[in-house]
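Novice: quick one, structure for this:
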Amino acid sequence: MNKPKCVWLTGLPCSGKTTIANNLQAKLSTKGITSLILDGDTLRSSINSDLGFDNDSRNEAMRRVAYLSKLICSQKITAIVSVISPLIQHRVFAKDLFKDNDNFFEIYLSTDIVECEKRDIKGMYKKARSNDIKDFTGISSSYEVPEDPFLIMDTKKLSIHESIEIIYSKIF
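Specialist: Predicted coordinates:
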């Protein structure tokens, strides 16, 4: 049995985190690897529904997700975390929780904002640009590019299949 891992997908909204997470989980399932996805949208409507989008709320949301991913891994389940986690401090905090186990893999989806806006079927970027959405990552709230991620992947240049194969071959 494989040692459970935390695969932490980070990037701008619409960079492909959820798509990669869902497809990675499907691949892992075919290999007999149990995994659980922690998706930012799902978490926002459940354990983080009491939080806003200001810095303190984002810090708390990421703290909760990091601890939850650690708990999942402690139960011999691979955690696939699909959250923007816009600040370096969020990702460093999560990585530090796993430092004794060497099973944390930060993957930065480096897809540029122009491509992310093209993919935005919910119209969030348009609403953010017209100030209908406040504190939107990439527009009115910053996204800090990871300093030393395990992988950097541009989902504009890589197909979903290629992305999953790279992640699987490098981590599992």
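Novice: can you give me the helices in the chain?
Specialist: For the chain, the helices identified by DSSP state H occupy 17-30, 40-44, 55-74, 88-97, 113-119, 124-129, 160-171, in order along the chain.
Novice: list the helices and strands the second one packs on?
Specialist: With contacts taken as 3 or more Cβ pairs under 8 Å, 6 or more residues apart in numbering; DSSP states H and E, helix 40-44 sits against helix 17-30, helix 55-74. Just so you know, the C-beta spots here come from the backbone N, C-alpha and C atoms, and that holds for glycine as well.
Novice: could I get those as CSV with distance to residue 147 and mean pLDDT?
Specialist: Formatted as CSV, the helices and strands packed on helix 40-44 follow (distance: least, Cβ to Cβ, whole Å; pLDDT from 0 to 100):
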stretch, distance to residue 147, mean pLDDT
helix 17-30, 19, 98
helix 55-74, 16, 94
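Novice: to residue 11, which of those helices lies closest?
Specialist: Nearest to residue 11 among those is helix 17-30; the distance by Cβ to Cβ comes to 5.8 Å.
Novice: which among the helices of the chain is found nearest to residue 4?
Specialist: Closest to residue 4 of the helices of the chain, according to Cβ to Cβ: helix 55-74, at 4.3 Å.
Novice: between the helices of the chain, which gets nearest to residue 3?
Specialist: Of those, nearest to residue 3 by Cβ to Cβ is helix 55-74, at 8.7 Å.
Novice: relative orientation of that closest one and helix 88-97 in degrees?
Specialist: With axes from the mean of the first three to the mean of the last three Cα atoms, to 10 degrees applied, the angle from helix 55-74 to helix 88-97 works out at 20 degrees.
Novice: what are the buried residues along helix 55-74?
Specialist: By 16 or more other Cβ atoms under 10 Å, the buried positions in helix 55-74 come out as 58, 61-62, 65-66, 68-70, 72-73.
Novice: widest-spaced pair of those?
Specialist: Spatial extent of the buried residues of helix 55-74 (Cβ to Cβ) is set by the pair 58 and 73 at 22.7 Å.
Novice: redo the helices and strands packed on helix 40-44 as TSV? Include distance to residue 151.
Specialist: Compiled in TSV, the helices and strands packed on helix 40-44 are given as follows (distance: least, Cβ to Cβ, whole Å):
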stretch	distance to residue 151
helix 17-30	11
helix 55-74	17
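Novice: quick one: closest of the ones you listed to residue 158.
Specialist: Ranking the helices and strands packed on helix 40-44 by proximity to residue 158 (Cβ to Cβ) places helix 17-30 first, at 9.7 Å.
Novice: same for the closest one, what does it pack against?
Specialist: Judged by 3+ Cβ pairs under 8 Å, 6+ apart, the packing partners of helix 17-30 are strand 6-11, strand 35-39, helix 40-44, strand 78-82, strand 104-109, helix 160-171.
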